[in-house]
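1. got a predicted model here, sequence first, then my questions.
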Amino acid sequence: MSIILSAKHIIKTYHESGRNLSVLADINLEISPGEFFVFVGPSGSGKSTLLRIMSGLDKDFGGSIFYGEKLKPSEISFVFQQFALFPWLTVAQNIEFGLIARSVPDKKRREIVRAELTTFGLEKFAHAYPRDLSGGMKQRVGIARALATEPRVIFMDEPFSELDSFTATELRKDLLRIWRERKPTIIMVTHIIEEAIELADRIAVLTPRPGKIEKIFQNTLPRPRQERSQEFYRLEDTITEIIKP
C-alpha cells in the first residue's frame with residue numbers, strides 16, 4: 001500500500017517559565033493517498049499542534065515526518081479555523097493568492113478562480129471583501145483558496161467550528177462532494193465526534209496531554225453516512241467512551 005505521509009515517533013515539548021510541558025508523545029501513523037483522515041480528542045490533547053507539525057508549519061519537534069508519493073510542499077494546503085483571509089483583498093483575489101505565489105499565468109489564474117467561485121457559489125461575491133461576508137461565506141473562500149492550487153494534501157484545523165450548525169452541515173456536504181470528485185488526501189482536526197464519523201475513512205483518537213494515539217478506527221459505515229442509524233450511534237458511543245474523562 002502506498003503512503004503519502006507518515007509520522008514517526010513525534011514528540012512536542014514547550015519550554016515555559018523554566019519548566020517543560022509535554023504536548024505530544026510518540027505519535028506514529030501512516031496516511032494513504034486520497035484518504036480522509038480525522039483526529040479527535042479532548043481539548044488540549046495536541047490535535048492542532050500535530051496538524052501543524054505534519055503540514056510543515058511547525059518545525060520545532062522531535063521525531064520525523066516523511067512525505068511519500070513524491071509529495072512536494074507546494075502540493076500542500078491548509079484551511080484554518082479562523083478563516084485567515086486577507087482583509088485587504090477581494091474574494092477573487094484571496095482565492096487567487098496561492099496561484100500568484102506559484103507563478104501561474106494570468107489567463108490560467110482567471111480560469112481557476114472563476115471555476116472555484118462557481119464551485120462554492122461565490123460568483124456574486126467575487127469583488128466583495130471579507131468584512132462583507134458571513135462566517136460561512138468566509139470559510140467557503142478559505143476552502144476555495146486551498147483547493148485552487150490543486151493540492152494533493154489538504155490540512156483542515158476545525159474548519160467548521162466557528163459556524164452555525166446549519167451552515168456547517170451544508171459546508172460538510174460540499175466538502176465531501178469535492179473530495180469525491182478530486183480525491184485529495186484530507187487530514188482534519190475536529191472536536192465533534194459526529195462530524196468525524198460523517199466525514200472520515202479513519203478516525204484517530206488522541207489521549208489527554210501529552211497526546212498519544214489511543215486508537216485508530218476504520219470507519220466502514222457506507223456513504224452517505226446515516227447519522228441516525230444504529231451503527232452511527234454505536235461508533236459515536238465507542239469513541240465518546242474513550243475520550244470522556
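-> In hand now; what should we look at? Numbering: from 1, shown residues only.
2. so which residue is dead centre in this structure?
-> The structure's the chain has its C-alpha centroid closest to residue 156; by C-alpha atoms, centre = their mean the separation is 1.6 Å.
3. now the helices for the protein?
-> 47-55, 91-101, 106-119, 135-148, 165-182, 193-199, 230-243 (DSSP state H).
4. hmm, back to that, contacts only, for the residue nearest to the centre of the chain.
-> Each residue near residue 156 by C-beta atoms under 8 Å, 6 or more residues apart in numbering is listed here: 78, 79, 186, 187, 188, 189. In this view, the C-beta of every residue, glycine as well, is placed from N, C-alpha and C.
5. in CSV: the helices of the chain, plus mean pLDDT and mean neighbour count.
-> As requested, the helices of the chain are arranged in CSV below (pLDDT from 0 to 100; neighbours: other C-beta atoms under 10 Å):
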stretch, mean pLDDT, mean neighbour count
helix 47-55, 96, 22
helix 91-101, 94, 20
helix 106-119, 95, 16
helix 135-148, 94, 23
helix 165-182, 93, 15
helix 193-199, 96, 21
helix 230-243, 95, 14
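6. ok, which of those comes nearest residue 41?
-> When the helices of the chain are compared by C-beta to C-beta, helix 47-55 sits nearest residue 41, at 5.4 Å.
7. and the contacts of the closest one?
-> 5, 7, 10, 12, 23-24, 27, 39-41, 58-59, 61, 65, 76, 78, 81, 153, 155, 157-158, 187, 189, 191, 206, 211.
8. same thing but at 7 Å, please
-> Applying C-beta atoms under 7 Å, 6 or more residues apart in numbering, the external contacts of helix 47-55 come out as 5, 7, 10, 12, 23-24, 27, 39, 41, 58, 61, 65, 76, 78, 155, 157, 187, 189, 206, 211.
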